[in-house]
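J.: Next one to model:
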Amino acid sequence: MNTTLKLLAAGCIAGLVLGATALLAAGEAGGLQQTGHAPSTNDVLVWDNITKSTNVVADATDAGFVFNFTNLTSGKIVITDVQTSCGCTTVEIPRLPWTIVSGTNGQIAVSVNLSGEEGTIMKTVYVDTDKGAEMLTVNVTTLPATNQPSSKTQSTH
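T.: Residues are numbered from 1 along each chain as shown. Got it, this is the predicted structure:
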């Protein structure tokens with residue numbers, strides 16, 4: 001089996017394990033919720049996406065992302081902690097603990113400092129709540145600088 005197929009198979013297996021874990025946790029909590037949105041892995045906050053990607057030019061100093069979420073449960077959810085995978089990644093959130101009332105939404109802004117970084121980098125943000133946790137992932141690909149032609153014209157003598 002070639003490397004691409006192995007990676008694809010590993011990704012599919014990981015997705016199935018995460019999905020089964022979420023279903024098991026929801027079942028233990030009293031059943032699945034029927035919503036019009038795809039549930040997050042903790043079936044508590046529904047996120048617009050848990051992975052976001054962007055491309056930046058080689059001289060970019062940072063990359064920014066915004067993760068949107070909604071509390072679709074019938075009760076409140078309290079975000080108790082938010083941690084990043086390294087010091088070059090920061091989040092902008094209200095003061096913790098952050099209470100999300102049923103039916104409301106919020107945002108977590110993520111910024112990655114790109115100083116000294118090149119190629120493709122991946123950073124994570126861990127969001128802990130009183131009902132479960134979620135791992136958000138950002139991917140940044142640095143594109144090579146483009147050589148712009150000079151605006152000066154060369155003369156031939």
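J.: Please count neighbours and contacts with C-alpha atoms only from this point.
T.: Fine.
J.: mind listing the strands for the protein?
T.: Ranges of strands in the chain, per DSSP state E, are 45-47, 51-57, 62-71, 77-84, 89-92, 98-100, 105-113, 120-129, 132-143.
J.: May I have the fifth one exported as PDB, CA atoms only?
T.: Extracted as PDB, the C-alpha positions of strand 89-92 are listed here (Å, rounded to 0.1, in the frame of the first residue of the first chain):
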ATOM      1  CA  THR A  89      -0.400  31.200  19.200                       C
ATOM      2  CA  THR A  90      -2.700  33.400  21.100                       C
ATOM      3  CA  VAL A  91      -6.500  33.600  21.500                       C
ATOM      4  CA  GLU A  92      -8.900  36.500  22.100                       C
END
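J.: Tell me which residues are up against that strand.
T.: Outside strand 89-92, the residues within contact range by CA atoms under 8 Å, 6 or more residues apart in numbering are 84, 108-113, 123.
J.: Also stretch 128-138?
T.: By CA under 8 Å, 6+ apart, stretch 128-138 touches 40-42, 44, 50-53, 65, 77-82, 122-127.
J.: burial of Thr73, as a residue count?
T.: Neighbour count of Thr73, defined by other CA atoms under 10 Å: 17.
J.: can you check Thr54 too?
T.: So Thr54, with other CA under 10 Å, has 13 neighbours.
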